[in-house]
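S.K.: model the following, please.
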Amino acid sequence: MTADMTLDATTRTAALALGDDALVLSHRLGEWAGHAPVLEEEVALANIALDLLGQARVLLSMVGDEDELAYLREERAFRNLQLVEQPNGDFAHTIARQLYFSTYQHLLYAELAAGQGPFAPLAAKAVKEVAYHRDHAEQWTLRSVTAPRRAASGCGGRAGRCGGSPARCSSRWRASTSTGRPWRRPGSRP
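M.R.: Predicted coordinates:
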């Protein structure tokens, strides 16, 4: 794809900034390959990274040669948000960053897709991808918030520890959190 020289300077600056956001975060998420907590999460983060890389390619090509812009600029020439360049840290930090960024992207692309501007075609496709990214981060956030309580209640989220039924486990967990007392198996000692 070649640069669209009919775009005004403001649009080109916005395309560069949005492209840089997507490019840098795609590289950060790619760092999790081989290091995520579970194999399925490695695949999910790789897919999110590929979606972002695709967005970056379209956006950077609106400004100029995407390869030159991606690989031949000095680091100070990038216009990305500082949020996306933060080191991954632990998995929870990565998920928190992803939740913030994908929520921002979803709101932005929904507005751009509703318009008639040069970003509308990309935004119409990207808003669907970003909805998945946000949902993925929300689900992991909810898991990380409730996991310590499930573990403290004796459930641990495993069907085998709850009489074979995840539904029984979650109902016991809800009961223990509503009374303020941890759930104990019948006959167990306090």
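
S.K.: report the buried residues of the helix or strand in which Q139 is found.
M.R.: Assigned by DSSP states H and E, Q139 belongs to helix 120-152. By 16 or more other Cβ atoms under 10 Å, the buried positions in helix 120-152 come out as L122, A123, A126, V127, E129, V130, H133, R134, H136, A137, W140, R150. Heads up, the C-betas are built off the backbone N, CA and C, glycines and all.

S.K.: for it, packing partners?
M.R.: helix 39-61, helix 91-114, helix 166-179 (3 or more Cβ pairs under 8 Å, 6 or more residues apart in numbering; DSSP states H and E).

S.K.: quick one: average pLDDT of the last one?
M.R.: Per-region confidence: helix 166-179 scores 42 on mean pLDDT.

S.K.: now the buried residues of helix 120-152 as JSON lines including pLDDT and distance to R28?
M.R.: Shown next, in JSON lines, are the buried residues of helix 120-152 (pLDDT from 0 to 100; distance: Cβ to Cβ, whole Å):
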{"residue": "L122", "pLDDT": "97", "distance to R28": "21"}
{"residue": "A123", "pLDDT": "98", "distance to R28": "22"}
{"residue": "A126", "pLDDT": "97", "distance to R28": "18"}
{"residue": "V127", "pLDDT": "97", "distance to R28": "22"}
{"residue": "E129", "pLDDT": "97", "distance to R28": "17"}
{"residue": "V130", "pLDDT": "98", "distance to R28": "16"}
{"residue": "H133", "pLDDT": "98", "distance to R28": "13"}
{"residue": "R134", "pLDDT": "98", "distance to R28": "17"}
{"residue": "H136", "pLDDT": "97", "distance to R28": "15"}
{"residue": "A137", "pLDDT": "97", "distance to R28": "14"}
{"residue": "W140", "pLDDT": "94", "distance to R28": "16"}
{"residue": "R150", "pLDDT": "53", "distance to R28": "29"}
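
S.K.: which one of these is nearest to T103?
M.R.: Set against T103, the nearest of these by Cβ to Cβ is R134 (5.6 Å).

S.K.: hang on, that closest one packs against H106?
M.R.: Yes: using Cβ atoms under 8 Å, R134 is in contact with H106, at 5.2 Å.

S.K.: picking up where we left off before, between helix 91-114 and the helix holding Q139, find me the angle.
M.R.: For helix 120-152 against helix 91-114, the angle by axes from the mean of the first three to the mean of the last three Cα atoms, to 10 degrees is 150 degrees.

S.K.: want to throw the helices and strands packed on helix 120-152 into CSV with distance to R12 and mean neighbour count?
M.R.: Supplementary listing: these in CSV, determined by distance: least, Cβ to Cβ, whole Å; neighbours: other Cβ atoms under 10 Å:
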stretch, distance to R12, mean neighbour count
helix 39-61, 10, 19
helix 91-114, 15, 18
helix 166-179, 51, 15
